[in-house]
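Peer 1: when you get a sec, could you give me coordinates for this:
(one chain, ligands or ions: 1)
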Amino acid sequence: MGELLVGQKALVTGASSGIGYGIARAMADAGAAVAINYHSERDEAEELAETIRTAGGEAIALKADVSKEEEVERLFGQSIANFGTLDILVANAGIQKDAPLAEMSLADWRKVLEVNLGGQFLCAKRAVAEFLRRGSVPEVSRATGKIICISSVHDVIPWAGHINYAASKGGIQMMMKSLAQEVAHHRIRVNAIAPGAIRTAINRAAWSTSKAEQKLLKLIPYGRVGEVEDVAKAAVWLASDEADYITGTTLYIDGGMMLYPGFRDNG
Ligand code: NAD
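Peer 2: Below is the predicted model of the structure:
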C-alpha cells in the first residue's frame, strides 16, 4: 500500500484478531504508527506490535474494554501520549450474542449494544476531541481527522436470531451519518465499512466445514468468502487522502451479498 498513510497515527479497536488485526497491519504497512487495542488477547496484540516494529514501523498494544468510558479515556490517553496525536480511528471492536427473541436475555441485548454501538460512540467522541484539539495539519493529511466505523451488511439486511447485533449495526449507520454531518465543516471525515462474510473467528461456524461454506456461498454472488485483506486494503484507502472527498458513506465489501442473490432466478 506504499506511502498512503506516512506520518499518520492510527488507533484500531479490537485489533488482536480478525478484521481489526488485518487493518492494523495494513495501516502500518502504509506508513502509519498504529495503536493496537485489545480486550483479552494480550499475546496476539503484543506479537502484532512486535511484528510491525521488526519491519521498521511504529506500534503499541493497549488493553481496553471499549464499552467502558474510563477505559476508553485511558486508551486514548496512552495512544496520544505515545504517538503525540491521532489522525485515524478505526472503530472495529464488535461481538455477537445470538438467540431467538424469546431466548435473548436483556443482559445479552444490552451487552451487544454497549460494545458494538456504545463502544463506537465513546471512541468517536474521544477521537473528535483530539482532532479538534490539534487542528488541521495539511502536511500530514488534507483532513483534520478520519473515523472509520466497522459496520456490517446487517446495517441493512435483517437478521433473524441476531436482533441485538442487527440493531447495533443499524444504529452505527445513523450514528456515523449524523456525526459526519456534525463535523464535516471541521474537515473531519466519518465513514463506515460494512463487510459481508469475512473469514474470521466471529463467524467460524459459517465457513469452517465445507457444508457450511457451500450454504454461505449461496448468499455471495462473487463466489468466495471474503478475507481480512479485502477489508484492510479498503480501510487504508478510505483513511487516506485518496478518499479525501468521501464522508458520511458506507462502503460495502461483501462480494455482492447486498445484491439480493435469491432474486436472480426469480424475475
Ligand atoms: P473477531 O471476533 O475476530 O474480532 C472482534 C474483536 O473485537 C476481537 O479482537 C475482540 O477481542 C474485540 N472485542 C470484543 N469486545 C471488545 C470490547 N469490549 N472492547 C475491545 N475489544 C473488544 O471478529 P471480526 O470478524 O474481525 O469482527 C470485527 C468487526 O467486523 C466487528 O465489529 C464485526 O461485527 C464486524 N463484521 C465482521 C464480519 C465478518 O464476516 N467477519 C461481517 C460484518 C461485520
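Peer 1: list the buried ones in the helix or strand where residue 77 lies?
Peer 2: Assessed by DSSP states H and E, residue 77 sits inside helix 69-83. Residues 71-72, 75-76, 78-80, 83 are the ones in helix 69-83 that count as buried (16 or more other Cβ atoms under 10 Å). The C-beta positions use only the backbone N, C-alpha and C, and glycine is treated the same way.
Peer 1: so which of those residues also contact the ligand?
Peer 2: Contacts with the ligand within these, as defined by Cβ under 6 Å from any ligand atom: none are present.
Peer 1: hang on, the earlier thing: the helix or strand that the helix holding residue 77 is followed by pairs with which strands?
Peer 2: Downstream of helix 69-83, the first helix or strand assigned by DSSP H and E is strand 88-91. Note on strand 88-91: by DSSP bridges, its sheet partners are strand 9-12 (parallel), strand 145-150 (parallel).
Peer 1: buried residues in the shortest one, which are they?
Peer 2: If I follow you right, that is strand 9-12. So for strand 9-12, counting by 16+ other Cβ under 10 Å, buried means 9-12.
Peer 1: distance between stretch 125-145 and the chain's centre?
Peer 2: Stretch 125-145 has its C-alpha centroid displaced from the chain centroid by 19 Å (Cα atoms, centre = their mean, to the nearest Å).
Peer 1: so what's the model's average confidence on the helix holding residue 77?
Peer 2: The pLDDT scores in helix 69-83 average 98.
Peer 1: residues touching the spatially closest residue to residue 241 that is not a sequence neighbour, list them.
Peer 2: Nearest residue to residue 241 in three dimensions, chain neighbours excluded: residue 142, at 4.9 Å (Cβ to Cβ, 6 or more residues apart in numbering). By Cβ atoms under 8 Å, 6 or more residues apart in numbering, the contact set of residue 142 is 187, 241, 244.
Peer 1: does the second one really touch residue 139, like I thought?
Peer 2: In other words, residue 241. No: Residue 241 lies out of contact with residue 139 (Cβ atoms under 8 Å); the separation is 11.2 Å.
Peer 1: neighbour count winner among these two?
Peer 2: Set side by side, residue 241 and residue 139 show more neighbours around residue 241, with 16 against 6, by other Cβ atoms under 10 Å.
Peer 1: quick check: residues of the protein near the ligand?
Peer 2: Residues of the chain lying near the ligand (Cβ under 6 Å from any ligand atom): 13-14, 16-20, 39-41, 65-67, 92-95, 115, 150, 152, 195, 197-198, 200-203.
Peer 1: show me the contacts for residue 121.
Peer 2: If a contact means Cβ under 8 Å, 6+ apart, then residue 121 has residue 175 as its contacts.
Peer 1: tell me the angle the helix or strand containing it makes with helix 69-83.
Peer 2: Using DSSP H and E, the secondary-structure element containing residue 121 is helix 119-134. Put simply, helix 119-134 runs at 40 degrees to helix 69-83, going by axes from the mean of the first three to the mean of the last three Cα atoms, to 10 degrees.
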